[in-house]
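Trainee: Kindly return the folded structure for what I paste below:
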Amino acid sequence: MSVANQKYRNQRKKELLLFLGVIIALGLSWIAGTFRTRAALTPFLSKAFPQAGFFEAADEKVYVAWRDKDKRELLGYAALGEAHGYGGRIRVLTAINPQGIIDQVVVVEHRETASFFMRVKNRGLIDSLVGKSVGGSLRAGEDVDVISGATMTSRALIDSVRKGARDVARNYLKLNLPPEPRAALNFGGAEIALLVLLLVGLVGRSRLIPPRPWRRLLRWASLLTGMVVLGFIFNRPLTLAHINKVILGYWPAWWSNPYFYLLVLGVLGLFFLTDKNPYCEWFCPFGAVQDILKVVGGGSKRLPPSLHRLLRWGQRLAVLVIVCLALYYRNPCTASYEVFGALFHLVGSNFHFILLGVVLVASLFLHRPWCNYLCPVRPATEFIRLARRRVGAVLPAMFGKRNKK
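Mentor: Have a look, this model is predicted:
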């Protein structure tokens, strides 16, 4: 066996061990998460009805609050409702008095990014729901305003309250409610822009367009469009939370969130099938910002090879730890350090803004420091490439020819 063939075989063995190690780590994190003790509902019931001395479970999602165990004074009903937000499930306990008025809204569980959820809370969305009648529509954008910059979180919270309130109104207060309107396909500007950018990215990565000057011009047009539209206007780039939601099975209804499916399947799915990434180099909003700063500052310096390898492996290990934590806590946004919200919507913690400043300054001297050493999407695509090679060993007709190159 030649030296080249031996090196090739050793490299494949290392890749296989790495692939299996990641799978085992993710599997153990998932199993540990299933045994993690969930918080009891009693403290949240007490927050919903502080004056109650006794709670009686009417069904799986509705609890009756009484002044005392003798049930001499009915205080109201506490109803559980849930909906999918940006990061996953939001569960809300809604306190409703006997007159059908919402007295309190208590968030039992959420998986949203902390800074975005605090934005919704601080802007008074929860307080705006108190005093509403359960006989009303309680729909986002109609009688309840959503919070700009956190639309998905706002809608999920409102939907959670509406579901619980309608359950109490219909089954316990015996109110005649109009039927729920049929859910419409939520397909708008963000979805159209994403489809166009995906197509441009695929065409740009092909050989249909001459490298210079047309491919270069097309790439810059695509990058700037992605930065403005997906970044500043809609603030919906591809994040690790999307990948974690896929792994956790937190798949939203396709008609209410087609953008999620277009982004995840369009980027990661196409990458798995074609081994081409139409997102990172062609319309990633934060990638565009780094490329602009590279033009301004030169961005031609390179790190020493040993430091480069150390940072790359640190990036991979950090992402693996974060994904494992997400599986354990069942929260796609656990330990999120991505700075997109801080840049495009000025939302984030002090840590996010400090990290953003460091990355922006580094982008003046280095080529895409975020993408190369911090971005969690890159290790995910590397793992997909490993998975593709493993599948290629089973389905050579589909993947094998490319893998031999």
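Trainee: What segments of the stretch 51-200 of the chain are strands?
Mentor: 54-57, 62-66, 74-84, 89-96, 102-109 (DSSP state E, counting those that start in this stretch).
Trainee: mind putting the ones you listed in TSV, mean neighbour count included?
Mentor: (Glycine included, C-beta is placed from N, CA and C.) TSV is the format used below for the strands of the stretch 51-200 of the chain (neighbours: other Cβ atoms under 10 Å):
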stretch	mean neighbour count
strand 54-57	14
strand 62-66	21
strand 74-84	23
strand 89-96	26
strand 102-109	19
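Trainee: Is it possible to get those strands out as JSON lines so that each row also shows distance to Pro43 and mean pLDDT?
Mentor: As requested, the strands of the stretch 51-200 of the chain are exported to JSON lines (distance: least, Cβ to Cβ, whole Å; pLDDT from 0 to 100):
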{"stretch": "strand 54-57", "distance to Pro43": "12", "mean pLDDT": "92"}
{"stretch": "strand 62-66", "distance to Pro43": "13", "mean pLDDT": "94"}
{"stretch": "strand 74-84", "distance to Pro43": "12", "mean pLDDT": "93"}
{"stretch": "strand 89-96", "distance to Pro43": "10", "mean pLDDT": "92"}
{"stretch": "strand 102-109", "distance to Pro43": "9", "mean pLDDT": "93"}
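Trainee: okay, Gly204: pLDDT?
Mentor: Looking at Gly204, its pLDDT stands at 87.
Trainee: Ok, the one 10 residues further on next?
Mentor: You'll see Trp214 listed with a pLDDT of 87.
Trainee: So it belongs to a helix, correct?
Mentor: Yes: applying DSSP: H, G, I helix; E, B strand; the rest coil, one finds Trp214 inside a helix.
Trainee: low-scoring pLDDT stretches of the stretch 51-200 of the chain, where are they?
Mentor: For the stretch 51-200 of the chain, the stretches flagged by pLDDT under 70 are 181.
Trainee: rewinding a little: kindly state which of the strands of the stretch 51-200 of the chain is positioned closest to Val246.
Mentor: For those, proximity to Val246 was assessed by Cβ to Cβ; strand 74-84 is nearest, at 13.2 Å.
Trainee: List the neighbouring strands of the closest one plus their orientation.
Mentor: If you go by DSSP bridges, strand 74-84 pairs up with strand 62-66 (antiparallel), strand 89-96 (antiparallel).
Trainee: Next up, the contacts around the residue positioned nearest the centre of the chain.
Mentor: Nearest residue to the geometric centre of the chain (Cα atoms, centre = their mean): Ala241, 3.2 Å. For Ala241, the contact set (Cβ atoms under 8 Å, 6 or more residues apart in numbering) comprises 86-87, 113, 332-333, 336.
Trainee: ok, the residues you listed vs Ile384, which is closest?
Mentor: Pro332 (17.7 Å).
Trainee: Quick check: the closest one is in a helix.
Mentor: No: if the criterion is three-state DSSP, then Pro332 is coil and not within a helix.
Trainee: nearest residue to it other than its sequence neighbours?
Mentor: Of all residues not flanking Pro332 in the chain, Asn244 sits nearest, at 3.6 Å (Cβ to Cβ, 6 or more residues apart in numbering).
Trainee: contacting residues for the one you found?
Mentor: Contact partners of Asn244, counting by Cβ under 8 Å, 6+ apart, are 323, 326-327, 332-334.
Trainee: So Leu208 lies in a helix, does it not?
Mentor: No: assessed with three-state DSSP, Leu208 is coil; it does not lie in a helix.
Trainee: start the count at 25, not 1, going forward
Mentor: Yep, numbering from 25; the last one is Leu232 now.
Trainee: quick one, phi/psi of it?
Mentor: phi -80, psi -20 (degrees, to the nearest 10).
Trainee: gap between it and Leu390?
Mentor: Using Cβ to Cβ, to the nearest Å, we find Leu232 at a distance of 32 Å from Leu390.
Trainee: Could I get the average pLDDT for stretch 373-383?
Mentor: Rounded mean pLDDT across stretch 373-383 is 95.
Trainee: again, but for stretch 405-423
Mentor: For stretch 405-423, mean pLDDT rounds to 71.
Trainee: need the contact list for Leu344.
Mentor: Contacts for Leu344 (Cβ under 8 Å, 6+ apart) come out as 46, 49, 403.
Trainee: so which helix or strand takes in the first one?
Mentor: Spelled out, it's Val46. Using DSSP states H and E, the element containing Val46 is helix 27-59.
Trainee: Show the subsequent helix or strand relative to that helix.
Mentor: helix 66-72.
Trainee: any residues touching that following helix, and which ones?
Mentor: By Cβ under 8 Å, 6+ apart, the surrounding residues in contact with helix 66-72 are 76, 79, 87, 89, 102, 117-119, 127-128, 130, 132.
Trainee: Adding distance to Leu221, write the residues you listed out as CSV.
Mentor: Below are these laid out as CSV (distance: Cβ to Cβ, whole Å):
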residue, distance to Leu221
Ala76, 53
Phe79, 51
Tyr87, 47
Ala89, 51
Ala102, 45
Leu117, 41
Thr118, 40
Ala119, 45
Asp127, 46
Gln128, 44
Val130, 40
Val132, 38
